[in-house]
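# using only what follows, build the 3D model:
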Amino acid sequence: MRRREFISLLGSAVVTQPLTVKAQQAPMPVVGLLGATTAKGYAAQLAAFRQGLSEAGFAEGRDVAIEYRWADDQYDRLPGLAADLVSRNVAVIATIGGNAAALAAKAATTTIPVVFHGGLDPVKAGLVASLNRPGGNLTGVVTLSVDTSQKRLELIHEVIPAATTLGLLLNPANKVVTETQSKDTQTGARALGLQLRVLNASTEREIEDAFANLKQMRVGGLVISTDGFFVSHSEQLAALAIRYAIPAIFQYRAFAAAGGLMSYGGSVTDSYRLSGVYTGRILKGEKPADLPVQQDTKVELIVNLKAAKALGLTVPMSLLGRADEIIE
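Down below sits the predicted model:
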């Protein structure tokens with residue numbers, strides 16, 4: 001072979017080798033994120049989910065792409081959004097915003113792995129066969145949110161023991177969760193000898209109307225049910241509770257931080273981080289059927305003393321002593 005031909009061949013190999021290596025690189029996996037609410041309302045949960053993904057070795061944009069589908073609090077849009085993610089053949093579907101999104105994902109596919117996040121018993125909700133052996137294509141994380149509805153009633157009653165009538169705010173669009181929480185809270189009210197008035201809201205306007213009706217109904221305090229729509233409207237709920245002078249308790253810290261009186265429920269950071277970790281493990285090849293449903297048993301009691309002062313309330317020292325955080 002002539003020297004000039006040898007150099008030409010060598011140069012060709014140097015030029016084409018990077019292209020060959022690039023062509024052999026595996027495409028970036030895509031996670032479909034199905035949200036029942038809004039990205040803004042669930043910013044803290046999203047951050048925790050990404051943290052979990054990172055712990056599993058995946059950073060968005062570097063190792064994994066995320067396709068977001070938000071229902072914007074319109075739960076009837078969830079089936080269509082889930083079907084769209086399935087049509088794009090994503091590697092995993094992760095749900096955010098409660099059981100409504102989880103059930104929509106389950107109905108949309110029996111093959112694509114689904115990591116759900118919810119507050120109901122997933123066996124009773126029909127998501128998995130059992131907690132230890134989920135079976136099928138779903139697994140996920142369950143928080144103590146719905147199961148603590150009676151406890152929230154007890155806590156608000158402890159702060160306003162003279163009140164004989166309390167309110168329960170529900171989102172009728174989230175039927176599965178609403179039925180469970182309504183039943184449990186009614187049972188708790190009867191045990192405490194209280195009257196419970198149920199109000200419904202699934203839009204911002206209906207939330208406003210519900211608070212306006214509370215005063216007419218002579219309700220002394222309010223329990224806000226666990227629901228993704230209400231989570232994404234924590235600031236509105238807190239502002240209305242102060243405006244109408246209604247002592248209220250909700251699930252997540254965001255409500256108390258925004259000016260609500262109290263929050264009691266599962267930790268957002270803990271549970272959604274676990275969802276991210278599970279999503280990462282599935283991306284690495286593990287099967288949902290082999291991953292037991294995680295039960296995040298950590299609960300937080302947050303008390304806002306500034307709100308208590310604005311409402312003219314004195315929070316019992318016995319309750320303050322049990323609080324995980326006091327906002328002053």
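# list of residues touching stretch 307-322?
155, 158-160, 238, 241-242, 245, 247, 256, 259-261, 301, 303, 305, 326-327 (Cβ atoms under 8 Å, 6 or more residues apart in numbering). Just so you know, the C-beta spots here come from the backbone N, C-alpha and C atoms, and that holds for glycine as well.
# how about it: buried residues?
For stretch 307-322, the neighbour count (16 or more other Cβ atoms under 10 Å) marks 307-308, 311, 313, 315 as buried.
# repeat that for stretch 27-34.
For stretch 27-34, burial by neighbour count (16+ other Cβ under 10 Å) applies to 29-34.
# which one of those residues is nearest Asn137?
Gly32 (13.2 Å; Cβ to Cβ).
# show me the contacts for the residue nearest to the spatial centre of the chain.
By Cα atoms, centre = their mean, the chain has its centre lying nearest to Gly97, at 3.9 Å. By Cβ under 8 Å, 6+ apart, Gly97 lies in contact with 35-37, 42, 71, 117, 228, 231-232.
# now, of the contacts of stretch 307-322, which are buried?
Buried residues within the contacts of stretch 307-322, counting neighbours by 16+ other Cβ under 10 Å: 155, 159, 238, 241-242, 247, 256, 259-261, 301, 303, 305, 327.
# endpoints of stretch 285-300, how far apart?
Stretch 285-300 has an end-to-end distance of 34 Å (criterion: Cα to Cα, to the nearest Å).
# give the buried residues for that stretch.
By neighbour count on 16+ other Cβ under 10 Å, the buried set for stretch 285-300 is 288, 291, 293-294, 296, 299-300.
# got it, and stretch 171-190?
So stretch 171-190, judged by 16+ other Cβ under 10 Å, has buried residues 171, 173-174, 176-178, 180-182, 184-186, 188-189.
# what's the answer for stretch 155-169, then?
155-157, 159, 163, 166-169.
# cool, stretch 82-95 as well?
Neighbour-count burial for stretch 82-95, with 16+ other Cβ under 10 Å as criterion, is recorded at 82-83, 85-86, 90-95.
# could I get those residues as CSV with secondary structure, distance to Lys106 and pLDDT?
As requested, the buried residues of stretch 82-95 are arranged in CSV below (DSSP: H, G, I helix; E, B strand; the rest coil; distance: Cβ to Cβ, whole Å; pLDDT from 0 to 100):
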residue, secondary structure, distance to Lys106, pLDDT
Ala82, helix, 9, 98
Ala83, helix, 12, 98
Leu85, helix, 13, 98
Val86, helix, 11, 98
Val90, coil, 15, 98
Ala91, coil, 17, 98
Val92, strand, 14, 98
Ile93, strand, 10, 98
Ala94, strand, 13, 98
Thr95, strand, 9, 97
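# and the strands in the chain?
30-35, 65-70, 92-96, 114-118, 138-143, 165-170, 195-200, 221-224, 248-250, 262-266, 294-296, 299-304, 325-327 (DSSP state E).
# looking at these, which one has the lowest mean pLDDT?
Per-stretch mean pLDDT for the strands of the chain is lowest at strand 294-296 (a mean of 85).
# what helices or strands is it leaning on?
strand 138-143, helix 268-283 (3 or more Cβ pairs under 8 Å, 6 or more residues apart in numbering; DSSP states H and E).
# circling back: which ones among the contacts of stretch 307-322 lie within helices?
Applying DSSP state H to the contacts of stretch 307-322, the entries found in helices are 155, 158-159, 238, 241-242, 256, 305.
# C-alpha coordinates for stretch 46-59, PDB please?
Taking Å, rounded to 0.1, in the frame of the first residue of the first chain, the C-alpha atoms of stretch 46-59 are listed here in PDB:
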ATOM      1  CA  LEU A  46     -41.800  17.800  41.800                       C
ATOM      2  CA  ALA A  47     -38.500  18.900  43.400                       C
ATOM      3  CA  ALA A  48     -38.700  15.900  45.800                       C
ATOM      4  CA  PHE A  49     -39.500  13.500  42.900                       C
ATOM      5  CA  ARG A  50     -36.400  14.800  41.000                       C
ATOM      6  CA  GLN A  51     -34.300  14.400  44.100                       C
ATOM      7  CA  GLY A  52     -35.300  10.700  44.300                       C
ATOM      8  CA  LEU A  53     -34.500  10.200  40.600                       C
ATOM      9  CA  SER A  54     -31.100  11.800  41.200                       C
ATOM     10  CA  GLU A  55     -30.500   9.400  44.100                       C
ATOM     11  CA  ALA A  56     -31.200   6.500  41.700                       C
ATOM     12  CA  GLY A  57     -28.600   8.000  39.300                       C
ATOM     13  CA  PHE A  58     -30.900   9.900  36.900                       C
ATOM     14  CA  ALA A  59     -30.800  13.600  36.200                       C
END
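# thanks a lot, see you next time.
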